[in-house]
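> Predicted coordinates and the sequence they were generated for:
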Amino acid sequence: MRDSRQILIGGEAGQGLVTVGQLLSKCLVRAGWRIVVTQGYQSRVRGGHNSWAIRFGSGEIAAPVEPVDLLVALDQESVERHRGELAPGALLIADESLDPLGLPGLRVPFAKLASAKHANVAALGVAGTLLGLAEELLAGAVEELFGKKGTDTTAENRRALAEAYRWTLSTNTSFQLPGQPLAAAPRIMVNGNESLALGALSGGLRFLSFYPMTPSTSIALTVIEHATAMGVVTEQAEDEIAVVNMAIGASFAGAPAMVVTSGGGFALMAEGLSLAAMTETPLVVVLGQRPGPATGLPTRTGQEDLEFALHAGHGEFARALLAPGSPEDCFAIARKAFFLAELFQGPVLVLTDQFLADSYRAVEPFEVRELPAVRAGFAGEVTVPYRRYAAAEDGVSPRLLPGQTRHLVIADSDEHTEDGHLTEDLEVRNRMVAKRLAKLEGLRWEVIQPRLDGPAGAELLLVCWGSSGAAVAEAAAELRERGTTAAALHFTQVWPLDPGQFLGALRAAKRVVFVEGNATGQFERLIRRETGFEAGGNVRRFDGLPITPGYILRALAAAGITQGVSR
Amino acid sequence: MRDSRQILIGGEAGQGLVTVGQLLSKCLVRAGWRIVVTQGYQSRVRGGHNSWAIRFGSGEIAAPVEPVDLLVALDQESVERHRGELAPGALLIADESLDPLGLPGLRVPFAKLASAKHANVAALGVAGTLLGLAEELLAGAVEELFGKKGTDTTAENRRALAEAYRWTLSTNTSFQLPGQPLAAAPRIMVNGNESLALGALSGGLRFLSFYPMTPSTSIALTVIEHATAMGVVTEQAEDEIAVVNMAIGASFAGAPAMVVTSGGGFALMAEGLSLAAMTETPLVVVLGQRPGPATGLPTRTGQEDLEFALHAGHGEFARALLAPGSPEDCFAIARKAFFLAELFQGPVLVLTDQFLADSYRAVEPFEVRELPAVRAGFAGEVTVPYRRYAAAEDGVSPRLLPGQTRHLVIADSDEHTEDGHLTEDLEVRNRMVAKRLAKLEGLRWEVIQPRLDGPAGAELLLVCWGSSGAAVAEAAAELRERGTTAAALHFTQVWPLDPGQFLGALRAAKRVVFVEGNATGQFERLIRRETGFEAGGNVRRFDGLPITPGYILRALAAAGITQGVSR
Amino acid sequence: MTTVADYGTYETAWCPGCGNHAILGAMKEALASSGLAPHQVLFISGIGQAAKAPHYLNANLFNGLHGRALPAATGAKLANPALKVIVESGDGCTYGEGGNHFLAAVRRNIGLTVIVHDNQVYGLTKGQASPTSDEGFVTKAQPEGVHAEPFNPVETAVALKANFVARGFSGMPEHLTGLIRQALAAPGFALIDVLQPCVSFNKVNTFAWYRQRVRELPAGHDPTDWAGALAVAVRWGEEIPIGVIYRGSRPAFEERVPALAAGPLIGREVDRERLAAIVDHLK
Amino acid sequence: MTTVADYGTYETAWCPGCGNHAILGAMKEALASSGLAPHQVLFISGIGQAAKAPHYLNANLFNGLHGRALPAATGAKLANPALKVIVESGDGCTYGEGGNHFLAAVRRNIGLTVIVHDNQVYGLTKGQASPTSDEGFVTKAQPEGVHAEPFNPVETAVALKANFVARGFSGMPEHLTGLIRQALAAPGFALIDVLQPCVSFNKVNTFAWYRQRVRELPAGHDPTDWAGALAVAVRWGEEIPIGVIYRGSRPAFEERVPALAAGPLIGREVDRERLAAIVDHLK
Ligand SMILES: Cc1ncc(C[n+]2csc(CCOP(=O)(O)OP(=O)(O)O)c2C)c(N)n1
Ligand SMILES: Cc1ncc(C[n+]2csc(CCOP(=O)(O)OP(=O)(O)O)c2C)c(N)n1
Ligand code: SF4
Ligand code: SF4
Ligand SMILES: [Mg+2]
Ligand SMILES: [Mg+2]
């Protein structure tokens, strides 16, 4: 297992646990650690049980894990819920009024260290001290956050921190760190959704419409925060149907456009997807997955919408489906989505999920100064009379923008002639179908190569897509350490597929197991549909939690695919 | 080719061509002929070009064909458009003012036979006379239709018919009939949509909501016509989202419910489909296919929505997809849909298309007196406290209806406990996912066996689904007549699949060709996904016209799969 | 006899101090005092904080999709008009995502009792503007404040002639109980828009803000006078009228459907003879 | 100078005698006399008979989905406010399937000129009731007649304070041309509901029926008086007011969006320095 530790902060919604989690994560990043945050929350604003787990270390960690080394329990329920997840030697930080249930650690007299309002900051102070974070580092982060609230608060926070420091040091407790932090250039702390928003901005996003829906709302909020500065129009629409049609209208008029939603909202966009394809209008759709059907588990994670995303919309048309595996991928893939949408003039979908959306990481700062952005529309000469849907071998006709020249731009949701007017000529129909589907060929040239992690021709090849990439790679690495030649094959593009990129690897492996966050093996059967390849087993998770290396190893062992491993 | 003739009536919308077509079809049926009507119309109310083709004969005809033996041209455009389709020896019936373009036939002095208002009836008279239909038969049908309009009209119609008869006989023209009509029991004349409506009524339909959309509106109109008599509530809703949610609400409360729509409207129902599955509410959805994407060719036919129907809705759940091949199938399958929906408490989809929807046939009268209908809800004893989602091996819990007992019925679109309240317990989640997906197993026991027409182990096996069944069977028969051992395998259920029912047949054939009304081979890849079976070729049509035996034979020849055949 | 106790007491997932609690209490009081037993009542709700309400009492419940409670309720009512069908959801659910259904349901005058917890914000998704948010209302999603004219549901319901249109306030639970009782007794579409402070995400329209502004309708207000009611319904701002604003007398939709003349659709036998005659007619 | 000829003449797919023809003519007149060149104009339409209209003149066109013209137009206008964006579609499209978008677009007061061909019926799908069908209107789909209260778009648009609300009549094309010109010149959301006889499927609301009932607003009507306008807007039946019913002065939505202060979104460069600063801020 890669050297790392995990801190879990548990408490009720409304107890300020996100604040503590965010501050602690920030400080760990600033101190030079890598992190992987896993957030667990419920569909309520106060009460219930929430958690913020930070895995940290200095190696290449990128997967969520279960074992907890330091449990910061803001309420009794957190002690009870998470005691089973504690690693050997784990410590508990809890108020002295709580029952530690026999767990070792610190029973903190929070009431003495700070007023109730500042107990959170005191908790941060206690945890930070144990983690070897400098008091100044913590104080700086706290001030950035609360600074604006006036100096009284700042002073009180400062005091709470200092008290917590003093008290914690006085207990002489030590926590074993996972090696030394990195000393390298400062990293930024971002989650998947923020990275996606930044990638979109760098890719040329000009119009974002949305309707609030977990887990995608924060993409919109990130864009909105910078909308005025970056010259982006954002609009919360009346419903998701408006969302998608607004974006299509904006894109037609020349503003690169994106919508963000989750399963139920995406379902309402299916007709619009078909419209984007028929009118050949670029459109980026982000589908943040959560467990369904229907409202399902609205704050949890899953990978259940692959087949739906692949087939959503009536009629037949080309599309691309991208599935980032990390915040870094989110940035790059959001950019790629804009380029593909513009290049092929149609819908491009990005499938993320609640885990990745909310998972903060320490990331090398995105170097945006040199990155190109898309340009909507075609800038060259066109033949006269201009025809929006002029025949083109690759299906891509020059796209002028309305009002930017004297040429008229005519787009139609009906079957249409080259000049965009509705037709019932069945010969034209055949040509137009072929034109639109020709784009699939072009898209195939742009497919992102799946990443093979581990040796070719391994005994065991674990295949996965999207947000579970790191967990699968780590599971494979762990198996290699234990003597099995295992490898991971991770897809960040799931449609179209280019079997030439991966079929060799599948065939070379002795056994191929598909790891997916759904109950029916959607990617597995897509691969079979496209290549005829039969999997040799599978690991599936659909309880709403992210796939972890431990989950995979346990499932492989339980299925008799590997030796039992306890982790 | 099966012995039959085809009459085609062509003209502008608004010229009364549907009336003539309907009357002529009715009279042919009453005279003992079998018929296959193919309607072609445009998305407009007046003008343009429409056609009503009646293939008739006394054999087992059920497929649409291209060659026309008798062309009734109500305008010049009809002569021009259809002259290329005429079979050797075909006749033209047209007003003397039109240019027959050298075609043999009757140049009719319509102005002399009837006033302009009754020219249609005169055209009917001319065609009817040529077809050997008794004047009384025609007069009876005309009277049934116009009778209510007052005796003046009736008398004038009568006169127009008589004149047409007299005149036609005077020309001494003869038309060669395809043998003798059948003498057997009277048949009814119904199209696919009417049969579907009747099947639904006989199956227990109590609530129908819809939003007008070609080609499915006429299902609703048929039900509405009989709603009061049959005790069915119908409602034209504000949009398709309301349509599906209304039906789910009605079904939950105890009224077996159906919705009817086409691609774009269906897209708007995707979220509702997921709701029906999550709440385990029976729901029958009829998807009348037409070519897409988007508005596409709204009055034409296609089979482009199979994969969309299979995956529509976020999250994972069980469903059944039925695809009738004939009006008889429409009746039986609508009934089956209600039974499956109730038995498995979830969504059942019926895929039809414009061709089948509008295709009239002569059908043995549905014997409805003995047919059982579904009963919504569970009538037996339940364990107390009642739990709507009580654990059940087969996933099916006793479904009480709200207000019918003192037990409370609680349904939830969130993940829920057995008693229907929302939960975030991830153990419960796993059990509920398994419960819902277990229904797929049960559905597999009820799968309709695909029908093999022709010898097992043929040189050439043509595989198809839905409305193209008869065309494919006829093409195979034709090939057999020409010495190729060919067979047809026709699926009227496309999900779930039971490979045990058909894989043997696929493997036994020397070459298997999939025939589908789409451009991407959706059923072909579904079969590959489910069985790994690789097709040996395909015939695809996506220009909006129905698949005909001739189309298949030409495509097979062009692909070098069979010897060239002109037809 | 039905008592409040029959409707049970459950832990909620709402914030302490939220306006929802009092609405739940008023609902239970009104149900009990209307003599309705839990099994005679069917709640239909959408998704949101408000939409959770029916989980916290004993009754039949169909908790459907965000924005889609009204059509589901319409279907249920048409299937079984003997049920007392109550729709309970939020302002975003009912007037935002469900806006088209709201218009249609009011126009139908379908016999539903519709209780909207109107906190002028999207609570469950953590504080974005809703259709009833006042112009200028600032959220993370609307940092420059809302630009749109707020939707006045009471005005629209009166304009489209719902049979019963009222406004209540969560801060006046007894008054609200009275309104709900009256709504439950009214035939046709009955709307109560309930002012419901969201203590977590609406720091503008607070209990105090509403308390300062709400005005019980004067005794002289004639709810059966449509024009007068419309004039009252358009008021919003410094003075917010509460009470029964309009009472119409259009027949309820379900009373006009011929197929329902014979009672609920539940459990009826298919009339096979009639169907056979219909088939026969196609010869 | 732009002339009507610049907008071309095309064969239509409409029935002879249909009210749509005159609306098309009035539209071309109004465009030409407003001095707009075809390429400065973007039409957005839905699906239906009315929605075909923009195919029959020269201009930019996005012919989208049934019911969804308004959001598409909103997006286009926000991307490029320099375009004159005109929405043209039917009553079913705009007030039925698109009802929620209508409410939202009016509330936004987004700068669109919206021309609704209101034939009180679904024409293209062959004659079902629309939201504006009068109560009792009989069709094959509503054999007992419509039970719902008709939707009065003019009333709703005034109530929600669109900047320009008018009613026209296809039988008075010159009057209509005048209305369209005024609507084109008005900032913010401009609605013209045009009474448009459908000769094929609406045998009740015919040219004669409308002609008998339409009344030009008296000279004294003050469209800037909201309450007075609302009182006029609610009228329907034996007398149907036509003309400019309401004129408001709310700022157009697009004028309130900070990102548009610098002009249309088209062709702008990404401000990489600013973005770099944003990234930097995450350290
Ligand atoms: C189709 C769809 N879109 C979005 C959501 C996310 N969502 C859940 S509740 C909600 C808003 C709730 O606001 P409101 O109805 O006012 O209820 P409140 O929480 O304020 O009581 C949203 C947008 C969803 N569940 N489904
Ligand atoms: C989602 C969807 N539902 C239904 C339809 C079918 N449809 C096309 S036009 C139309 C009605 C048109 O009525 P209206 O907008 O009043 O226009 P009109 O034809 O009367 O001018 C309908 C229901 C469709 N194209 N898309
Ligand atoms: S977020 Fe607002 S509406 Fe939701 S429970 Fe809390 S206070 Fe109530
Ligand atoms: S059907 Fe009606 S609206 Fe359509 S073109 Fe004909 S007359 Fe006009
Ligand atoms: Mg709310
Ligand atoms: Mg209309």
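That came through, no problem. As the structure is a prediction and not an experimental result, all values here were calculated from the model. Numbering: from 1, shown residues only, chains lettered A, B, ... in the order given. Ligands and ions are numbered 1, 2, ... in the order given.

> I'd like to know how far the closest residue to ligand 4 within the stretch 151-283 of chain C sits from residue D:131.
Residue nearest to ligand 4 within the stretch 151-283 of chain C: residue C:160 (25.3 Å; CB to the nearest ligand atom). All C-beta spots, glycine's among them, are computed from the backbone N, C-alpha and C. Look at residue C:160 and residue D:131: by CB to CB, to the nearest Å, they are 10 Å apart.

> what residues are shared contacts of those two?
Jointly contacting residue C:160 and residue D:131 under the rule CB atoms under 8 Å, 6 or more residues apart in numbering or on different chains are C:103, C:107, D:151.

> and the stretch 51-200 of chain C, which residues reach ligand 1?
Counting by CB under 6 Å from any ligand atom, the stretch 51-200 of chain C comes close to ligand 1 at C:66, C:89-93, C:117, C:119, C:121-125, C:130.

> among the shared contacts of residue C:160 and residue D:131, which are in helices?
C:103, C:107 (DSSP state H).

> before we move on, the earlier item: of residue C:160 and residue D:131, give the one with the bigger neighbour count.
residue D:131 (27 against 24; other CB atoms under 10 Å in any protein chain shown).

> just checking, the more buried one touches residue B:237?
No - counting by CB atoms under 8 Å, residue D:131 sits too far from residue B:237 to count as a contact (11.2 Å).

> okay, and the common contacts of those two?
Common contact partners of residue D:131 and residue B:237 (CB under 8 Å, 6+ apart): residue C:104.

> My guess is residue A:250 contacts residue A:232. True?
No - contact criterion CB under 8 Å: residue A:250 and residue A:232 do not qualify, at 10.6 Å.

> got the contact list for residue C:217?
C:232, C:241, C:242, C:243, C:244, C:245.

> Kindly report the same for residue A:180.
So residue A:180 contacts residue A:58 (CB under 8 Å, 6+ apart).

> same thing with residue C:93?
Contacts of residue C:93 (CB under 8 Å, 6+ apart): C:46, C:47, C:48, C:50, C:51, C:66, C:67, C:69.

> again, only this time at 10 Å
C:45-51, C:64-70, C:87, C:102, C:116-117, C:122, C:124, C:130 (CB atoms under 10 Å, 6 or more residues apart in numbering or on different chains).

> What count of nearby residues applies to the residue lying closest to residue A:224 once chain neighbours are set aside?
With sequence-adjacent residues excluded and distances taken as CB to CB, 6 or more residues apart in numbering or on different chains, residue A:224 is closest to residue A:234, at 5.0 Å. Using other CB under 10 Å, residue A:234 has 24 other residues around it.

> Can I take it that residue A:234 is in a strand?
Yes - counting by DSSP: H, G, I helix; E, B strand; the rest coil, residue A:234 falls inside a strand.

> Isn't it up against residue C:140?
No - contact criterion CB atoms under 10 Å: residue A:234 and residue C:140 do not qualify, at 11.4 Å.

> So stretch C:77-87, near chain B or not?
Yes - contact of stretch C:77-87 with chain B (CB under 10 Å from any CB of the partner chain) involves C:77, C:78, C:79, C:80, C:81, C:82, C:83, C:84, C:85.

> So what would you say the end-to-end distance of that stretch is?
11 Å (CA to CA, to the nearest Å).

> and that stretch, how far out from the chain's middle?
Centroid separation between stretch C:77-87 and its chain, computed with CA atoms, centre = their mean, to the nearest Å, is 14 Å.

> Give the rounded mean pLDDT of it.
In this model, stretch C:77-87 has a mean pLDDT of 98.

> One more: stretch A:501-518?
Computed over stretch A:501-518, the average pLDDT equals 98.

> Determine how far the last residue of it lies from the first.
24 Å.

> anything in that stretch near chain B?
Yes - residues of stretch A:501-518 contacting chain B under CB under 10 Å from any CB: residue A:518.

> for that stretch, the distance to its chain's centre please.
Worked out by CA atoms, centre = their mean, stretch A:501-518 lies 23 Å from the chain centre.

> Now that stretch: buried residues?
Buried residues in stretch A:501-518, counted by 16 or more other CB atoms under 10 Å in any protein chain shown: A:501-503, A:505-506, A:509, A:512-518.

> go on, stretch A:106-116?
Buried-residue list, stretch A:106-116, by 16+ other CB under 10 Å: A:106, A:107, A:108, A:110, A:113, A:114.

> give me every residue that touches the nearest residue to residue C:127 once chain neighbours are set aside.
Leaving aside its chain neighbours, residue C:127 sits nearest to residue C:201 (3.3 Å; criterion: CB to CB, 6+ apart). By CB under 10 Å, 6+ apart, the contact list for residue C:201 reads A:45, C:15, C:49, C:119-128, C:139-140.

> In ChimeraX, how would I select the buried members of the residues you listed?
Applied in ChimeraX, the following selects the buried portion of the contacts of residue C:201 according to 16+ other CB under 10 Å:
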select /A:45 /C:15,49,119,120,121,122,123,124,125,126,127,128,139
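
> Looking at the contacts of residue C:201, which are in strands?
C:121, C:122, C:128 (DSSP state E).

> tell me, what's touching residue A:234 and residue C:140 both at once?
A:220, A:221, A:224, A:225.

> Quick one: mean pLDDT for whichever strand or helix holds the third one?
Put plainly, it is residue A:224. According to DSSP states H and E, residue A:224 maps onto helix A:217-225. Regarding helix A:217-225, the rounded mean pLDDT is 98.

> closest to chain A among the ones in strands among the contacts of residue C:201?
residue C:128 (4.9 Å; CB to the nearest CB).

> closest point of chain A to ligand 3, which residue?
With CB to the nearest ligand atom, the shortest gap between chain A and ligand 3 falls at residue A:45, namely 3.8 Å.

> Would you list the phi and psi of the residue nearest the centre of chain C?
In chain C, the residue lying closest to the centroid (CA atoms, centre = their mean) is residue C:114, at 2.1 Å. The phi/psi pair for residue C:114 (degrees, to the nearest 10) reads phi -110, psi 120.

> which residues pair with it across the strands?
On the basis of DSSP bridges, residue C:114 is bridged to residue C:87, residue C:191.

> For residue 57, list the residues it contacts.
Looking at chain A here, since you left the chain open. Residues near residue A:57 by CB under 10 Å, 6+ apart: A:2-6, A:28, A:33-36, A:177-179, A:181-182.

> wrong chain, I was asking about chain C
C:4, C:6-10, C:24-25, C:27-28, C:31, C:38, C:41, C:43, C:88 are the contacts of residue C:57 under CB under 10 Å, 6+ apart.

> out of those, which are buried?
C:6, C:7, C:24, C:25, C:27, C:28, C:31, C:38, C:41, C:43, C:88.
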